[in-house]
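# Sequence and predicted structure, then a few things I'm wondering about:
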Amino acid sequence: MTPCTDAFENNSFLAAWMAGNLAGALNGVALNPASAIKYHTWGRDDASFSRTARLMWRDGGLRPFVKGTAPTILRDVTFGGVYSVLRNGLLLHVAEGRGESSPSSLLPSPASSPSPSSSNPRRRRSKGDALTFILNFIAAGVATTVSGPFNYVRPEGGGREGGRKGGPGRNLCLG
């Protein structure tokens, strides 16, 4: 077992929620600076990623790279938590419907994965693979819908408003 499921051995939903939230938080912290640079390059024909990063650092130090981190983390934590819990619940529900105590039969195992030396690289996928894909797709779609509104939460003067005060996220500023 993983450390997270060891800590929450009797509650797989709590373990899934914690794992999803942690993954979302780490993703938000790690990728927000790159997103900030990307947003600063929009609408500029002569902008390059490295040049924009240098100009942002020169003009604002660390601040332009961390501005908007809070709503990004909130969005990614929401997505990670909802996706993980919903995926876990759907897999468990289907497994119980099949009379199984664990959804492990629906998850790909290393033994079922094709190897590079496999004689049949176009092996036929099992019904479990297709069902798992559909359940993951549903969980991701719901998580995207639930976390989507956080895409409109922007720090004042940020986002698509181009420095204009206000905008759709004005009263929701978190970063």
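Received, thanks.

# Now do the buried residues in stretch 86-100.
Leu86, Arg87, Asn88, Gly89, Leu90, Leu91, Leu92, Val94, Ala95 (16 or more other Cβ atoms under 10 Å). Any C-beta I mention is one placed from the backbone N, CA and C, and that applies to glycine too.

# Same question for stretch 30-40.
Result for stretch 30-40 [16+ other Cβ under 10 Å]: buried residues Asn32, Pro33, Ala36, Ile37, Tyr39, His40.

# related to what we said a few turns ago, ok, the buried residues of stretch 86-100 vs Ile138, which is closest?
The closest of those to Ile138 turns out to be Leu90 (Cβ to Cβ; 6.5 Å).

# before we move on, which element is that closest one in?
Using DSSP states H and E, Leu90 falls within helix 69-97.

# Over that helix, what's the mean pLDDT, rounded is fine.
Mean pLDDT, computed over helix 69-97, is 89.

# Output the contacting helices and strands for that helix.
helix 12-41, helix 127-147 (3 or more Cβ pairs under 8 Å, 6 or more residues apart in numbering; DSSP states H and E).

# what's the angle between that helix and helix 12-41?
Per axes from the mean of the first three to the mean of the last three Cα atoms, to 10 degrees, the angle that helix 69-97 makes with helix 12-41 is 140 degrees.

# re earlier: what's the closest of the helices and strands packed on helix 69-97 to Asp59?
Closest among those, once you apply Cβ to Cβ, is helix 12-41, at 10.0 Å.

# Look up how far Ser35 lies from Gly60.
Counting by Cβ to Cβ, to the nearest Å, the gap from Gly60 to Ser35 is 16 Å.

# which residues of the chain score low on pLDDT?
Within the chain, the stretches with pLDDT under 70 are 1-8, 101-128, 154-175.

# How many neighbouring residues does the closest residue to Asn88 other than its chain neighbours have?
Leaving aside its sequence neighbours, Asn88 sits nearest to Ala16 (Cβ to Cβ, 6 or more residues apart in numbering; 4.0 Å). Neighbourhood size, Ala16 [other Cβ atoms under 10 Å]: 24.
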